[in-house]
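Pasting the sequence and the predicted coordinates here, then a few questions.
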Amino acid sequence: MDKIQRDEFYNYRFLSNLTVSPEKTAAALTVWQADPKNNGYTSNIWIRKDQGFVQLTAMDKESSFIFEDENTILFAASRDSQDAKKVEAGEPYTAYYRIPLNGGEAVKAFSVPLKASGIWKLDADLYLVKARTDAAIGDFAAMSDEQREQVMKTKKENVDYEVFDEIPFWANGGGFTNKLRNTLYVVDVQANTCTPITAPLFMTGDVDVKAGQVLYTGEEYTSRPQRKASVYLYDVKTKTTKCVYDKKEYSIHEARFFKDQIALAAATTTRHGNNENPYLYKLDPATGEVTLWAEYEYSMGSSVGSDCRYGGGNGFAADDQALYFLTTREDSSHCYKMGECGCIKPVIELTGSIDHFALAEGKILFAGMIGQKLQEIYEYDLETQTTTQISDFNEAALKDKYVAVPQRVSVASEGTTINGWVLLPKDYDPAQKYPAILDIHGGPKTVYGEVFYHEMQVWANEGYFVFFCNPIGSDGRDNEFADLRGKYGTCDYQNIMDFTDEVLKRYPAIDEQRVGVTGGSYGGFMTNWIIGHTSRFAAAASQRSIANWISFYGVSDIGMTFGPDQQAGNIYDDNEKLWEHSPLKYARACTTPTLFIHSDEDYRCPMAEGLQMYTALVDLGIESKLVYFKGENHELSRSGKPLHRMRRLNEITDWMQSHLK
């Protein structure tokens, strides 16, 4: 078997936006691939044909699309020079093209003076567009050409300035967000009009369209969001909006039309804080009454981690019979359904991850990672209850390569069972001694599972044992297990140490003097915590980490909510509590050589966090190094620029090589 190279991910294809046509006769998706030459990603639309998929577009820049009908796809693109100039200048502008499924050239359909992020067809020449707007400059779409020109001139003059008068003022992956909102517009192509149906300061959340009605959630705010949404219905024919729920009791995760009701996946957050898994509620659009439909203690969506995805897709949908949703149970994500009776049942259960899905006629199509394969498209037959792989996007990428199969390891710890896995090094010989790397996931409310993880496979191919687990605070079990509020660095740390002990016990080929540790986000926090509480690791790589919960409050895009909620304390009354759970407090005890990886546009765990820990270690004389990535954010390892992802992997791997081999 050949060795998986560090840059192998350049060859992987990432699948997103799996979509089925209105009458369920056709399917399409977006296929992404790393483009190291241009340090970005190509994207094209592919359609299902015969027994597989064929490429529909070829400009390498088409990703966002919808089916207009059974034979036509509408997609956003900048295919002529004038369009490209407007987009490159930062002007709110989106052009749409039509292309037939049976081939032929794409033809420009229409354009809108909006920075569109989503589109739905309402009628023959009528569309709903979700757009990113700036309330500070007014309705750009309603301006004259002269007014728009002045706005762009002022924007250019003020490129060196940012003004904040609300929080959060930035968002990871979204840059500075002051007064930016997601606004809904009705676009009449025939009349050439763009009419907003939400207020300038309204932040739109979920959207669904059915039979002449638009369902949407969100809230209006001026200085800070309350994160408790209201629910609205817009009637396309009468052009009127009705607020059908305005009590703001719930954090609404999803909203969909379901029969004659509105289904809400929502949480009160009173039982388990902001990470509380939602229940399913029924909202009567006529009376505005919300009633519990089904209690569900597990999460909705797939939280199975991997660094081999790009883009996303739908995980919540309804047809005439049931409401379907993804759910993470233990270490895999599945598809479940709820009938009108409120009974929840599994539909597709597997080992691995269903990443997103689309409902077809008598079938469910889904993008998934199964059996240590990269993403492929699968078809599940609801009648025969069988799953068939219907794509081969990544079959060649790992052919004849050594792919380590996860070996399950469980250990009793802190009154529960902690599950994890071990990857064996390539050409493993039990008579030899090997170095090892402990990898800790982010979240903490995510999970590791039995899916392909590029960085771990690279390390296994370079001669390391790799081991990883799901401590308390992880997803996949019930709300109680995931509730880590006020306990960071306590039971979770002990879980990880107990798991490490069990792995070393079961695999005596691991050299206990040559074990490293790494992790990102929560895993970065835990890496920082570990090096301040034990000297058992010979090297550490702390990525996009948290070091100080007191400073985190005021600089992270989620600091004002996540910090107080998860640490069970605020900066005014509970400084001792916050400091008690801050890795920086324990830096003086550190002896482990540590690499820090951070990005300048990481607004989730901002640079201040990594810098504090790095400074403390260098000041204490501990061997340390910080690699600072410009133009990257919290998602560096998963969707960063390809050359930056490569550099990151090289830095971590080389650091481990220099200290463990």
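Thanks, I have the structure now. Numbers count the residues shown, from 1 in each chain.

Look up how far Gln321 lies from the closest residue to Ile262 other than its chain neighbours.
Counting by Cβ to Cβ, 6 or more residues apart in numbering, the nearest residue to Ile262 once its immediate chain neighbours are dropped is Leu283, at 4.1 Å. (Each C-beta comes from the backbone N, C-alpha and C, glycine too.) Distance of Leu283 to Gln321, given as Cβ to Cβ, to the nearest Å: 19 Å.

now Cys491
Look at Cys491 and Gln321: by Cβ to Cβ, they are 42 Å apart.

Looking at these two, which has the bigger crowd around it?
Cys491 (17 against 13; other Cβ atoms under 10 Å).

Got the phi and psi for the more buried one?
Here the main-chain torsion angles of Cys491 (degrees, to the nearest 10) amount to phi -60, psi -30.

residues contacting it?
When the contact criterion is Cβ atoms under 8 Å, 6 or more residues apart in numbering, the partners of Cys491 are Glu414, Pro471, Ile472, Leu484.

So which of those residues belong to helices?
With helices identified by DSSP state H, none of the entries of the contacts of Cys491 belong to them.

Most neighbours of all these, which one?
Going through those with other Cβ under 10 Å as the criterion, the one with the most neighbours is Pro471, at 27 neighbours.

Ile496 is in contact with that one, correct?
Yes: distance between Pro471 and Ile496: 5.4 Å, which falls inside the contact criterion (Cβ atoms under 8 Å).

counting residues per helix, which one in this structure is longest?
Selection of the longest helix in the chain by residue count, based on DSSP H, yields helix 642-660.

Export it to CSV, keeping only CA atoms.
Once side chains and other backbone atoms are set aside, the C-alpha atoms of helix 642-660 remain, and they are given as CSV (Å, rounded to 0.1, in the frame of the first residue of the first chain):
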residue,chain,number,x,y,z
PRO,A,642,-5.0,25.2,0.3
LEU,A,643,-1.4,26.4,0.6
HIS,A,644,-2.2,27.6,4.1
ARG,A,645,-3.7,24.3,5.1
MET,A,646,-0.6,22.6,3.7
ARG,A,647,1.7,24.9,5.7
ARG,A,648,-0.4,24.3,8.9
LEU,A,649,-0.1,20.5,8.5
ASN,A,650,3.6,20.8,7.8
GLU,A,651,4.2,22.9,10.9
ILE,A,652,2.4,20.6,13.2
THR,A,653,3.8,17.4,11.7
ASP,A,654,7.4,18.8,11.6
TRP,A,655,7.0,20.0,15.3
MET,A,656,6.0,16.5,16.3
GLN,A,657,8.8,14.9,14.2
SER,A,658,11.4,17.1,15.9
HIS,A,659,10.3,16.2,19.4
LEU,A,660,8.9,12.7,19.1
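
Could you list every helix and strand that it packs against?
In terms of contacts (3 or more Cβ pairs under 8 Å, 6 or more residues apart in numbering; DSSP states H and E), helix 642-660 is packed against strand 27-35, strand 434-440, helix 454-461, strand 510-520, strand 539-543, strand 594-599, strand 624-629, helix 636-639.

Can you list the strands that the second one pairs with?
When pairs are called by DSSP bridges, strand 434-440 turns out to pair with strand 465-469 (parallel), strand 510-520 (parallel).

SS state for the most centrally placed residue in the chain?
The geometric centre of the chain, computed from its C-alpha atoms, lies nearest to Gly312 (Cα atoms, centre = their mean), at 7.5 Å. Classification of Gly312 into helix, strand or coil gives coil, according to DSSP: H, G, I helix; E, B strand; the rest coil.

and it, what pLDDT?
The model reports Gly312 with a pLDDT of 95.

what's near enough to touch it?
Contact analysis of Gly312 by Cβ under 8 Å, 6+ apart lists Ser16, Asn17, Asp355, His356.

likewise Leu626?
Here Leu626 is in contact with Leu595, Phe596, Ile597, His598, Gly610, Leu611, Tyr614 (Cβ under 8 Å, 6+ apart).

Please repeat the previous calculation with a cut-off of 10 Å.
With contacts taken as Cβ atoms under 10 Å, 6 or more residues apart in numbering, Leu626 has the following neighbours: 542, 594-598, 607, 610-611, 613-615, 617-618.

Good, we can wrap up now.
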